[in-house]
Every structure is written in structure tokens, then in C-alpha cells.
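> here is the input, now give the coordinates:
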Amino acid sequence: MGNSMGKGLPSTQMLSHVFKSLHQQFTDSEIKDFDDFHAAVLDIFNVINSALPGKHYDAPSRDEVEKCFQDWKMEGDPKKKKEIFIDFIRTVKLSKLDNTTIMTGIVTPPAAMAAKRAGEFLPHLSMIKSIPDVVFVPTVTMAALVISKLSRRLYRRGVREVPSKSVSFKNDKPNVLEPEAAKELQPPSPSD
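Prediction:
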């Protein structure tokens, strides 16, 4: 009786069970086109993020989902489709705090207090005195964090890799004219 207590499931068995149940949920949804596939993937991430309190995983980009969908759609064998799906889910990235979020969270509360104190003396902002500090500071901090996160996502979405028109800088060589061609390009001399 005491031998099985406290051991839990080994990690490979646990992951296998989790991926199997996620795949089952995925296959239960009716997938006819990319939009259905994308909605099913986002639903899976919603389940993962709601089931694991404290840990959140970033949903993959649309391009990554499109690539997975193309591979998944081309495959006819259900076992291979399952492998493609599980490999795709395994590439999930844990959402991490970055320096911008940390700095915004540290700097905003004192800045909010300073702004509130300065605003109390301005006639147009005198109503700010009626808002308690315990409401004002967290509200401003949360708003700053949300704006920071949204602006970074919009920036990342707008910045796409633009393919270079030149193959490489190593292949860019200056054009050296042959002596005959160089004579043709020279201006006529005054003695002519």
C-alpha cells in the first residue's frame, strides 16, 4: 500500500496521456478548412492555459499554424496526422516575462503617484483627488502593462522579415570595365 504513494505518474506517461487527450479533443472538432483548423488549435491552447494555473503558453503564429495545416492536410494516414499534430503541440513556448514588462511594472506605480500628486494641483484635474491611491495606482499600472503588451504585439506583427533582393553581399562585386569599354566612357579630350 505504501509503495505507490507519492510516486505519481512518470513524466513520459503523463505527457503521453496529455497529448493523447489533446489530440482526441482536436479530432473531435470538425475540420474542413484552415479556419476550422486554426480555431481548433486556439481552442487547444485555451484548454492548456485554463488547465494550468500560473503557467501560460503562447499560441503559435498564424504562419506556423498554416505550415502545420498544410503538412496535416497532405497526410492521408491518421497516425501520421496524429504525429504531425503532437509534434506541433510540443513546439509550444512558455510565455515569459520580458524586460519591458518588468520595467513597466516597476516604474509605473511611483510614476502614477507622482502624476496624481501633480494633477491634484491643476484646476482641470482637481477631481483626481477624489480617487483613492489604492484604486488609482493599480489601475494605472494595469493599464500601462496592457498597453505595453499590446504595443509589442502590434509591433511584432508589423515587423516582418523582408527578403533581401540581393543574394548576398559576398556576391556583390564592383563592376570592372575592360580597357576598351573604359575608353568609350571617358569624356572627349580637349585636343580632339
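
> C-alpha only now, for contacts and for neighbours.
Will do.

> contacts for the helix or strand harbouring Ala112?
According to DSSP states H and E, Ala112 maps onto helix 99-120. Helix 99-120 is touched from outside by 125-129, 133, 136-138, 140-141, 144-145, 148-149, with contacts defined as Cα atoms under 8 Å, 6 or more residues apart in numbering.

> which helices and strands sit right next to the helix or strand containing Ala143?
Take DSSP H and E as the rule and Ala143 turns out to sit in helix 133-158. Helices and strands touching helix 133-158, by 3 or more Cα pairs under 8 Å, 6 or more residues apart in numbering; DSSP states H and E, are helix 99-120.

> pLDDT on the helix it packs on, on average?
For helix 99-120, mean pLDDT rounds to 89.

> now swap in stretch 145-161 and tell me
Across stretch 145-161, pLDDT averages out at 76.

> show me what counts as buried in that stretch.
Going by neighbour count (16 or more other Cα atoms under 10 Å), the buried part of stretch 145-161 is Leu145, Lys149.

> quick one: least confident of the contacts of helix 99-120?
Ser126 (79).

> what number of residues lie near the closest residue in space to that residue that isn't next to it in sequence?
Nearest residue to Ser126 in three dimensions, chain neighbours excluded: Glu120, at 5.0 Å (Cα to Cα, 6 or more residues apart in numbering). Glu120 is flanked by 15 other residues according to other Cα atoms under 10 Å.

> any idea how far Ala112 is from Gly105?
Distance of Gly105 to Ala112, given as Cα to Cα, to the nearest Å: 11 Å.

> give me the more crowded residue out of these two.
Neighbour count, other Cα under 10 Å: between Gly105 and Ala112, Ala112 has more, with 19 against 16.

> how close does that one get to Leu122?
Counting by Cα to Cα - Ala112 and Leu122 are separated by 15 Å.

> what's the most distant pair in the contacts of helix 99-120?
Greatest spacing in these, by Cα to Cα: Ser126 and Lys149 (30.4 Å).

> show me where the chain has helices.
Assigned by DSSP state H, the chain shows helices spanning 11-28, 34-51, 62-74, 78-90, 99-120, 133-158, 179-185.

> quick one: Arg90 and Ile44, what's the gap?
12 Å.

> look at these two and report which has more neighbours.
Per other Cα under 10 Å, whichever of Arg90 and Ile44 has more neighbours is Ile44, with 18 against 11.
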